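> predicted model and sequence below, questions to follow.
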Amino acid sequence: MTRGKQLYSAICICLLLPFAGMAQNGPRSINDERDFLGFTTSNPPVITIATAAEYQNGKFSDAPSSILLAVGIAWTVSVRAQTATLNNGINTIPVNQVTIQVVGATFGTGVITLSTTNQVVASSVLTLGSSFNFRYTLKGGNHLLQPAGNYTGTVIFSTTGL
């Protein structure tokens, strides 16, 4: 996140990931356990809206991520917001103005509109190890006509090995 004063009017959207950069503990070798599932995602993305075009059209930011699992395991990654709004004091932006999708891999389930309900954002079988990005997009429009500042919320990811 950006710290300190900014000399221009901008809205920064910070999606806080409570487990960012932490993976589940797993076996020393991929052959030790057939139910191993590891998932990591990078630090939360910051989306800075600073131009008229960005207010009108929206803007995205990518967060590098990876998944590691044993051969033959079906898996899913689900996502939800902790609250229905991104907050900056008393000012809010509805969380459903943020979309998330997997880019750089074929196992994404498409564009997900963020909500407080769990939604599957990625799903596959037989991915030994893959690197990809989660693309967070803040939609443009009148909902961005808020005072400048950091609007934050918590995104919760859940992984399931089936």
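It's in. Numbering: from 1, shown residues only.
> wouldn't N87 be in contact with G153 here?
Yes - N87 is in contact with G153 according to Cβ atoms under 8 Å; the separation is 6.8 Å. In this view, the C-beta of every residue, glycine as well, is placed from N, C-alpha and C.
> quick one: low-confidence ranges for this protein?
1-37, 43-44, 69-72, 126-128, 162 (pLDDT under 70).
> which residues in it form strands?
Under the criterion DSSP state E, strands of the chain are mapped to 11-16, 37-41, 46-49, 58-69, 74-81, 85-88, 91-94, 98-103, 112-113, 119-125, 129-139, 149-161.
> can I get the ones you listed in JSON lines with mean neighbour count?
Output for these, formatted as JSON lines (neighbours: other Cβ atoms under 10 Å):
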{"stretch": "strand 11-16", "mean neighbour count": "20"}
{"stretch": "strand 37-41", "mean neighbour count": "19"}
{"stretch": "strand 46-49", "mean neighbour count": "19"}
{"stretch": "strand 58-69", "mean neighbour count": "19"}
{"stretch": "strand 74-81", "mean neighbour count": "19"}
{"stretch": "strand 85-88", "mean neighbour count": "19"}
{"stretch": "strand 91-94", "mean neighbour count": "16"}
{"stretch": "strand 98-103", "mean neighbour count": "19"}
{"stretch": "strand 112-113", "mean neighbour count": "16"}
{"stretch": "strand 119-125", "mean neighbour count": "18"}
{"stretch": "strand 129-139", "mean neighbour count": "19"}
{"stretch": "strand 149-161", "mean neighbour count": "17"}
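> now F39: how far from Q56?
Per Cβ to Cβ, to the nearest Å, F39 is found 35 Å from Q56.
> also Y151?
Distance of Y151 to Q56, given as Cβ to Cβ: 18 Å.
> T159 too?
36 Å.
> repeat that for A84.
Distance from A84 to Q56, by Cβ to Cβ: 24 Å.
> same thing with T41?
Applying Cβ to Cβ to T41 and Q56 gives a distance of 29 Å.
> repeat that for F157.
30 Å.
> and A148, by the same measure?
The gap separating A148 from Q56 is 17 Å, by Cβ to Cβ.
> then Q82?
Using Cβ to Cβ, Q82 is found at 28 Å from Q56.
> same question for Y136.
As judged by Cβ to Cβ, Y136 and Q56 stand 18 Å apart.
> residues touching the closest residue to Q119 other than its chain neighbours, list them.
What sits nearest to Q119 in space, not counting adjacent residues and going by Cβ to Cβ, 6 or more residues apart in numbering, is I112, at 4.9 Å. Listed by Cβ atoms under 8 Å, 6 or more residues apart in numbering, the contact partners of I112 are V79, T99, I100, Q101, Q119, V121.
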